[in-house]
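Student: any chance you can model this:
(2 chains, ligands or ions: 2)
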Amino acid sequence: MNKHSDLKAARIVGGVHSDQRHDSAHKHVAGTAVYIDDMPEPAGTLHAGLGLSTVAHGILKSVDLSSVRAAPGVVDVLTYEDVPGENDISPSGMHDDPVLAEGKVQFHGQPIFCVIAETREQARRAARLAKIEYEELDPIVHIWGLDPEKDKQVTTPLTLKRGDAAAAIAASPRRVKGSMKLGGQDHFYLEGQVALAVPGEDDEILVYSSTQGPSETQHMVAHALGVPSHAVTIEVRRMGGGFGGKETQANQCAAIAAIAAKKFKRAVKIRLDRDEDMTATGKRHDFVIDYEVGFDEEGHILGVDYMFALNAGFSADLSGPVGDRALFHCDNAYFYPAVHAKSAPLYTNTVSNTAFRGFGGPQGMVGCERVIEEVAFAVGKDPLEIRKLNFYDAMGVAGERNVTPYHQKVEDCIIQRIVAELEESADYAGRRRAIAEFNAKNRFIKRGIALTPVKFGISFTKTESNQAGALVHVYSDGSVHMNHGGTEMGQGLHLKVAQVVAEEFQIDLDRVKITATTTAKVPNTSPTAASSGADLNGMAAQNAARQIRKRLTDFAADRYQIPADQVVFLPNRVRVGNQEISFNDLVKQAYIARVQLSAAGHYKTPKIHWDRAKGRGHAFYYYAYGAACSEVSVDTLTGEYVVERTDILHDVGRSLNRAIDIGQVEGGFVQGMGWLTTEELVWDEKGRLRTHAPSTYKIPLASDRPKVFNVALTDWSEAYEPTIHRSKAVGEPPLPLGISVLQALSDAVASVADHKVCPRLDAPATPERVLMAIERLRAETADK
Amino acid sequence: MANRLSRIRLSRRNFMVGSATAAVAMPLVGARAGSQPERPSETIRYTAPVKLTINHQPYELNLDLRTTLLDAIRDHTGLTGTKKGCDHGQCGACTVLINGTRVLSCLTFAVMADGREVTTIEGLAREDSSLHPMQQAFIDCDAFQCGYCTPGQIMSAVGCVHEGHAASEGEIREYMSGNLCRCAAYPNVVAAILQARDETRKA
Ligand code: FES
Ligand code: FES
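Tutor: Ligands and ions are numbered 1, 2, ... in the order given. Predicted coordinates:
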């Protein structure tokens, strides 16, 4: 349909800074949005079912698959011996992540073999018939109890230091030392891991993969097949959620489907069921955080020392960089005069943990906010006062309190203003008084409140990941085809990038076609992660569009014999000297004049650099800020609680699309809240995950979100750096807003001991844990 | 035996009888097959013809008796709007309406819907193919992000309104708590239901 665009409009429909509906909105509500499991299967498609390890650690003594092979519908069974290339999908190049286990198993649920059958049902049933003998070895299941200095680590740890922390702590008037356990989190993307591989000619293969990192998946599949990357194409139109869980974890399914498809010369589909998905794929890292802090009587932090021990699981995966990002955020929004912080990515016999929205950053901030709490209880002040005392200098203040533990100067700090505005709009002081009165009057129900800030660094710390590509075609009818390296998982990335392209050409948004991400159109892309999707791909698409616009401008100037600066792109039309012609007509003329109307765009983030060995650099291009104020009520007899109200003020710079950004902020907060409250992963002593379905693993429900929920974006902030239209990244920064709920629970718990003792509430703060903290505090204060 | 069973025509009435027979029969088969222990009893397929009416469209399917309504819909009728999130009755992604009442299609055998009217997300739009008010409200309120839970949310929302459990925001939150949304679009889902409630009652 070639709809006529408005040639008199003052503004295009759907440019940047306008609230547009998600591009797939109609398809989502009509049920016509196609996810990989919804695609029509090519004739003869085979289905894969995984055979998983039933022990957490052991030598594979014998693997008898004869019954599996004999089961109805089974075409064949693949083991590591069927991997034609390298039996490895380690994203960090450590060679420690087999596609299928070889010789030994290192976690309960590790894929050992894969059944290929005519139907999915047959493959799954047959997979249960294997006879595997293990020589069981003792598994390491938890990281508590491990020594972060001495026990086995999966990769090199990081140390950050500025000043002499030990000396500063020793010289401080007050000191506190403590430790905190912080649980992991399952991604629970509603669409599980899935891949459909379709074999092509020679060594070619096309894999539809629910992946956040198509290029990475491409390289892994090529590696496993033993073919060059050019033989492998990865395509993904959309995912039913990713949250980091499809950054590297999609590779295994993609590789298995591809290997089988090449072997049998038929399309092969693999889709994990929920329990398998939760058992066999990596999660957010759980941490043990040890801290020591020195401070003065006022509550100024003078020096701090952290050890962030993280549960990497059995392989490195992304644990190195996740630990790094925890350290990068151990300052949250606060200046430390002296700091020493270390990570320890510890080996255990559990599934290899991976990226999850925030990528270690939230864990760093939870540790930091515990330290703030400790200081507050020690000096007898409201934690919010301690926060305000220790903030980095505000943007524009010529002070010295602006250097991070990694020696980057914080130049864009706006946390003071955000916190001040939120304090006001949420009536923090008034409610704090009201809560004190409420608690004095109520014996069993206690309320608590907390206002916590967020400062989140934007950029990949792996410098080469900070680049992106895009491909833009303008067809001779003036319609535009847009493609870029980012993937859509619900965050509205494609829409934002399309808005950028529409803006460049000054055409209505519906003239820009959003297309599936594919490695065949844009190569060597970075995973859609680190919140970088719109920042990087928006810039790359803008670059491509600008190249074409420049060619159109030069063409028009030449054709109409006027200076180039008299060619102006107006909504859906172009002013050429004194006349206006429609965009479509200009494009047509340019085509006839043989002007190239296609361009590949590229972008690389300026300024950033990072020297890991030295622990110094300009690791982040800029920071995103936000704050949340949450109030809870806790039943002190059962530990059960309700989030009564949450107010959020969050900074997204000049929003490209407020409707999308508000959804990200709300969703991020709720996910962060879930992580710190109800989402508990439980492994038994044999290393078996006991919470592998939503029956036992509790993500937030509609009834769990705050009863009153006020979410606002700062309408005054804009990115300090020239980002895409001065917007800021929004995927991850809102997640740690959930810390306000953990701290509010802690505040409510503290009320049972008159706020004299720091409750040291670990996370997830399930009702059980809240109750235990209450009992502990009561016992401690009763002794005195 | 398998053949005999597969010839039993099931109706809503005799399904319970039929399934009880099957439940008793299976262990027997397993026991008799003791000479070939690795041959699983599951390999004997009990199939039955099932008549489903989905979105006013009749389907005659020959299904393994254990086929869930969800799999029948997705794999045998090609209607892929209904999603599978857990296959355990715990996430709500597979919610459909049977005779106007919401059910989890992953916990319902297809044979149980024999002769009944099933409505999926694809059948919610009106005859002129304009959207149902609930669908429109989900668009208006941005009540999704990745969209994977959305068909289930919408079907559940329609059911929730018809059950009379949409009187207040609190009630909606409670009665929609069987539908997980990992993107946590919950505030907007509730807003959408409030917006579409009155029109849905009429629809
Ligand atoms: S798929 Fe039916 S409830 Fe989850
Ligand atoms: S919109 Fe993604 S799960 Fe609900």
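
Student: do stretch B:88-97 and ligand 2 meet at all?
Tutor: No: for a cut-off given as Cβ under 6 Å from any ligand atom, stretch B:88-97 has no contacts with ligand 2; the smallest distance is 8.0 Å. Every residue, glycine included, has its C-beta placed from N, CA and C.

Student: next SSE downstream of the helix or strand bottoming out on mean pLDDT in chain B?
Tutor: Lowest mean confidence among the helices and strands of chain B (mean pLDDT, DSSP states H and E): helix B:12-32, at a mean of 33. Note on helix B:12-32: by DSSP states H and E, the next helix or strand toward the C-terminus is strand B:47-54.

Student: now do the phi/psi pair for the residue most central in space within chain B.
Tutor: The centroid of chain B falls nearest to residue B:105 when counting by Cα atoms, centre = their mean (2.2 Å). Main-chain dihedrals, residue B:105, degrees, to the nearest 10: phi -70, psi -20.

Student: got a list of what it touches?
Tutor: B:68-70, B:73, B:82, B:94-96 (Cβ atoms under 8 Å, 6 or more residues apart in numbering or on different chains).

Student: same check, this time on residue A:654
Tutor: Counting by Cβ under 8 Å, 6+ apart, residue A:654 has contacts A:17, A:717-719, A:725-727.

Student: out of the contacts of residue B:105, which are inside strands?
Tutor: Secondary structure assignment by DSSP state E places B:95-96 of the contacts of residue B:105 in strands.

Student: of the contacts of residue B:105, which are in range of chain A?
Tutor: With Cβ under 8 Å from any Cβ of the partner chain as the criterion, the contacts of residue B:105 include residue B:82 near chain A.

Student: of the contacts of residue B:105, closest to ligand 1?
Tutor: residue B:94 (3.4 Å; Cβ to the nearest ligand atom).

Student: now that closest one: how far from residue A:30?
Tutor: Separation of residue B:94 from residue A:30 (Cβ to Cβ, to the nearest Å): 17 Å.

Student: quick one: which of those two has more around it?
Tutor: residue B:94 (28 against 22; other Cβ atoms under 10 Å in any protein chain shown).

Student: wait, the more buried one sits on residue B:152?
Tutor: Yes: here residue B:94 reaches residue B:152: they are 6.1 Å apart, a contact under Cβ atoms under 8 Å.

Student: which neighbours do the two have in common?
Tutor: B:82-83, B:85.

Student: save those as TSV, and put in pLDDT too.
Tutor: TSV is the format used below for those (pLDDT from 0 to 100):
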residue	pLDDT
B:82	98
B:83	98
B:85	97
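
Student: low pLDDT regions in chain B?
Tutor: Along chain B, the model assigns pLDDT under 70 to residues B:1-45.

Student: which positions in it make contact with ligand 1?
Tutor: Counting by Cβ under 6 Å from any ligand atom, chain B comes close to ligand 1 at B:84-87, B:89-94, B:104, B:106.

Student: from the contacts of residue B:105, which two are the most distant?
Tutor: The most widely separated members of the contacts of residue B:105, counting by Cβ to Cβ, are B:68 and B:95 (13.1 Å).

Student: pick out whichever of those two has more residues nearby.
Tutor: Legend: neighbour count by other Cβ under 10 Å for residue B:68 and residue B:95, higher for residue B:95 (29 against 21).

Student: filter the contacts of residue A:654 down to the buried ones.
Tutor: A:717-719, A:725-727 (16 or more other Cβ atoms under 10 Å in any protein chain shown).

Student: and which of these is nearest to ligand 1?
Tutor: For the buried ones among the contacts of residue A:654, the nearest to ligand 1 is residue A:727 (35.9 Å; Cβ to the nearest ligand atom).

Student: give me the beta-bridge partners of the closest one?
Tutor: Counting by DSSP bridges, residue A:727 is bridged to residue A:653.

Student: how close does it get to residue A:516?
Tutor: From residue A:727 across to residue A:516, the span is 24 Å (Cβ to Cβ).

Student: now residue A:547: how far from ligand 1?
Tutor: Distance, residue A:547 to ligand 1, by Cβ to the nearest ligand atom, to the nearest Å: 46 Å.

Student: what do you get for residue A:188?
Tutor: Distance from residue A:188 to ligand 1, counting by Cβ to the nearest ligand atom: 12 Å.

Student: show the pLDDT at that residue.
Tutor: In this model, residue A:188 is scored at 98, pLDDT.

Student: so where does it fall, helix or strand?
Tutor: Assigned by DSSP H and E, residue A:188 belongs to neither a helix nor a strand.

Student: is stretch A:175-189 positioned near chain B?
Tutor: Yes: counting by Cβ under 8 Å from any Cβ, chain B is contacted by stretch A:175-189 at A:187-189.

Student: what's the closest of those residues to residue A:311?
Tutor: Comparing the residues of stretch A:175-189 next to chain B against residue A:311 with Cβ to Cβ places residue A:187 closest, at 15.8 Å.

Student: check contacts around residue A:563.
Tutor: The contact partners of residue A:563, by Cβ under 8 Å, 6+ apart, come to residue A:557.

Student: all helices for chain B, in order.
Tutor: Remark: helices assigned in chain B by DSSP state H are B:2-7, B:12-32, B:69-71, B:133-140, B:150-163, B:169-175, B:186-202.

Student: repeat that for the stretch 151-300 of chain A.
Tutor: Shown for the stretch 151-300 of chain A, the helices assigned by DSSP state H, counting those that start in this stretch span residues A:165-170, A:214-225, A:250-264, A:274-280.

Student: mind listing residues that contact the first one?
Tutor: When you say that, I think you mean helix A:165-170. Contact with helix A:165-170 is made by A:175, A:292-294, A:302-305, A:336-340, as judged by Cβ under 8 Å, 6+ apart.

Student: pop the domain breakdown of chain A in here.
Tutor: Following the assignment in automatic domain parsing, chain A carries domains at A:5-33+A:467-604, A:415-458+A:620-784.

Student: now those as a markdown table including mean pLDDT?
Tutor: As requested, those are exported to a markdown table (pLDDT from 0 to 100):
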| stretch | mean pLDDT |
| --- | --- |
| domain A:5-33+A:467-604 | 96 |
| domain A:415-458+A:620-784 | 97 |
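
Student: out of those, nearest to residue B:130?
Tutor: Nearest to residue B:130, of the domains of chain A and by Cβ to Cβ, is domain A:5-33+A:467-604 at 10.8 Å.
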